[in-house]
Structures are given as C-alpha cells and as structure tokens.
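Novice: got a sequence here, can you model it:
(one chain, ligands or ions: 1)
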Amino acid sequence: MDHFNERDGILHAEDVPLTEIAERFGTPCYVYSRATLERHWHAFDRAFRDHPHLVCFAVKANSNLGVLNVLARLGSGFDIVSGGELERVLAAGGDPAKVLFSGVGKREDEIRRALEVGIRCFNVESEPELLRIDRIAGELGVEAPVSLRVNPDVDAQTHPYISTGLKENKFGIDIRVAEAVYARAASLPNIRVRGIDCHIGSQLTDLAPFIDALDRVLLLADRLCAAGIAIEHLDLGGGLGIRYREEHPPEPAAYAAAMSYRLAERPYEVILEPGRAIAGNAGILLTRVEYLKHTDHRHFAILDAAMNDLLRPALYQADQDIVRVVAESDADPVRYDLVGPVCETGDFLGKDRTLPLKDGDLLAIRGSGAYGFAMSSNYNSRPRAAEVMVEGNQTHLVRERETLASLFAGEGTLP
Ligand code: LLP
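Specialist: Next up, the predicted model:
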C-alpha cells in the first residue's frame, strides 16, 4: 500500500496533485511520500515486535538525506556500503551506534572512520578484510565489532544481477568454511565477534530461499556455540520484493512469521536490512512526454526522463508500472515504447504500453523510490533530476535539480 492515489482524475502524492509538483519543480522529478516510507518501516518493525530486533534501512536503495532523515526520526538503523553512505547517515541525523557496514571492498580510510564514529557492526566478507579491520582497530586502540557475512549457497530465484547468495557470487564467506574463519576472528586481539550476517539477493517474491538460508545460518550458530564462540545477533539481510506490476511478494508480516517461528526459542537479536521494501513504492519518477514518434514498425513516446535517471529497465529489463498523471485524455490509446533521449537503443523506461498520449502529457513511473535516483548518472551530460518529499499537503525540495554548470564543476581544461 502506498500514498500515490488518484483523486478527481489526478494522481496525487499524499494530498498534493502531481501536476502541481511538475509545475513547481519541473520534470523529470522524483517524488517521495513520507507517510509511505514510515508505513513500510513500521511494517517491518511491528512484524518483529515479539523478538528483539533492529531494522536497518539499506542506504544504497535511496540515500537522499531527506529520506534518511525521515527514517532516522523513527529510530531506524542503517546498512551502509561505503564511507560516502556513512557520511550521509550522519548528516541526516542517523545514530552511528545503529549502523552496519557491509560490502566486499572496505577501504582503510572507510574502516577507520567507521571505528572512530563507533558503528554497531562490520559485516565482514573475507579473511583479508578481517585482518585489516583488526589491524586498524589495534592502531586506534579500540575493539571492532564484527559479523561474518556467510554465503549459504541458496538460489534466491531472482534476476542473476541481484542474486548474491550463490557460491559463484563474490559475496560473503562460504558457509562451509565459516567456522574456521570465526575461530580466527575470535583469536584476533582487536576483534569482537557479534553475529552472523547473510544476504542472499534482492526482489525475492518467495519465502522459501529466505527460510533455507536461515536454517543453514542457525546450524552454523549452533556449531559456533558448541565451539564456545558466542553469537549475539543474526543479520538476515534485505531482499524482500515488492509489487511492480504482477508480482505477489509476501508482506513483511508473513516474512517475519516464517522467520520468527524458527527464532522463537533462540536468544539472538534479529537485524534486518530492507531497502526496496521500504523505499520502492514510496517514490515515483515524474516525467513528461516530449514527442510522439510514429515509424512503420513502432510507436515511440519520447520522454524527458531516460536511463540515466532510472536505470532499472535498461539494466535488468525491469518492468515498472507507468501511468498517466491526468487520467482523462482525448487521444486514442496506442501501444508505445516509452523511451528517453539518451543515445542508446537500451534507453527505454517501458515497452509495449498501451496509453492515450499527447505531447506534453505527464506520466508517473511507479515503484521508483528504491534504486532509482540512487543509480542515476550524468550520462549524455544530463543534469540529475530534482527530488521532492511530500508530507500531507506540503512539499519539500530534498535535492535541487542539478544545474548545467554543476555538470563540469571540478573539471578543467589544460594549461
Ligand atoms: N543488504 C545488503 C548487503 C545488500 O547487498 C542489499 C542490496 C540490501 C541489504 C538491500 O536489499 P533490498 O532489501 O533492497 O532487496 N539495483 C538493484 C538491486 C541491488 C541490490 C543490492 N543489494 C535493483 O534495482 O533491482
């Protein structure tokens, strides 16, 4: 459920007509709904209420300061994968003691900074990384809290680019050798073992792979316990899918029920790292039709948004719902490919969409709140879109549209 609904024939973000936002802030423009973000975060928090837990929003899904600030005010934790994301969380008012640091390539400076601000835990992805963290913690005279991210070798049955829990993926430590790495970690002077971490992929629409992974992780926890290595938390990662068009992903409550059943008698705190399920349907990309172009073979609607603004369709053949902002139209419905102005054949936002369109019409690409702006770029020297947060009948500009001058600020000609 989200708060983008039609009212009097116009699609609204909460109480604000999207026509008004396009007028005021221009297009393309990302529009987020605060009430939707909060609703989705609370859905996870409530679902695990019978178990000690912490919901850590995966910052990579949407790292806008306004979005992070809304979640920080709820008491959210954050899952980060870079020093840049850490600074964003801090700037947005996030609590460093609720930050997890994931990712396969943590740099020295990033580890140092994370230790200095006192993050909650590092999710360690290899033995060399463990040794690096131990050394830096020693230099700083602190103890580094770590979980090992284990790779349970389960098939998440999602797009191969966003599947991470198979043994051929670069992520995590093979669960079959994890015990030995834990023993090593426990023996290091500046490392404190806190938990086990596992993330198997993204946009999962079935619970079975999550259950499979958790069962394997619990077996490992038992073995570690028998070996005298105490585990305080289990980090189950993110990955719960959302409905883009025809998918029927489980609700957070169903996900939690399946997990809690297995965790009920266990002493572990549960950590979650949802990104898409919180932010995905809390945002739309607002775009305008520039031209309609009819060829002998196809009909194209050329939009002012492109793959540089929203990469998911080009990169993963993602199929996101695209709707008219003003429902009524006197144009005839035609089957269009909705494409952007970027010079690539792969630059499309939707294919085979039957819509009644005219030049200048406004469209909303739904489900764009996660991995939308966060994956945008300046390709073709296109300034990145504005981002707006709606709260009831109020709108807040949470990122200005980039200016042409900002495109090459920091670049230089030769002397
Ligand atoms: N934790 C870790 C360690 C992750 O790698 C990810 C996502 C998450 C949590 C959050 O997963 P989520 O709950 O959002 O599924 N750009 C792709 C998705 C890439 C996901 C990468 N990792 C897309 O647009 O579909």
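Novice: could you measure from residue 372 over to the ligand?
Specialist: 8 Å (Cβ to the nearest ligand atom, to the nearest Å). Bear in mind the C-beta positions are built from the backbone N, C-alpha and C, glycine included.
Novice: and what of residue 258?
Specialist: Residue 258 is 16 Å from the ligand, where distance means Cβ to the nearest ligand atom.
Novice: doesn't that residue lie inside a helix?
Specialist: Yes. Judged by DSSP: H, G, I helix; E, B strand; the rest coil, residue 258 forms part of a helix.
Novice: give me every residue that touches it.
Specialist: Under the criterion of Cβ atoms under 8 Å, 6 or more residues apart in numbering, the neighbours of residue 258 are 207, 210, 211, 250.
Novice: check for me that the third one belongs to a helix.
Specialist: In other words, residue 211. Yes. Assessed by three-state DSSP, residue 211 belongs to a helix.
Novice: so for it, what's the pLDDT?
Specialist: Here, the pLDDT recorded for residue 211 equals 95.
Novice: that one contacts residue 262, doesn't it?
Specialist: Yes. Counting by Cβ atoms under 8 Å, residue 211 touches residue 262, with 7.4 Å between them.
Novice: out of the two, which sits in the more crowded spot?
Specialist: residue 211 (16 against 13; other Cβ atoms under 10 Å).
Novice: how about the residue positioned nearest the centre of the chain: what's its closest non-neighbour residue?
Specialist: Nearest to the geometric centre of the chain sits residue 61, at 2.1 Å (Cα atoms, centre = their mean). When the adjacent residues along the chain are set aside, residue 61 lies closest to residue 275, with 3.0 Å between them (Cβ to Cβ, 6 or more residues apart in numbering).
Novice: that neighbour against residue 56, yeah?
Specialist: No. If you go by Cβ under 8 Å, residue 275 and residue 56 don't touch, sitting 9.7 Å apart.
Novice: give me the more crowded residue out of these two.
Specialist: residue 56 (28 against 24).
Novice: specify the beta-bridge partners of the closest residue to residue 10 other than its chain neighbours.
Specialist: Nearest residue to residue 10 in three dimensions, chain neighbours excluded: residue 17, at 4.7 Å (Cβ to Cβ, 6+ apart). Beta-bridge partners recorded for residue 17 (DSSP bridges): residue 12.
Novice: list the contacts for residue 17?
Specialist: Neighbours of residue 17 in contact, by Cβ under 8 Å, 6+ apart: 7, 10, 11.
Novice: filter those down to the ones near the ligand?
Specialist: The subset of the contacts of residue 17 within reach of the ligand, counting by Cβ under 6 Å from any ligand atom, is empty.
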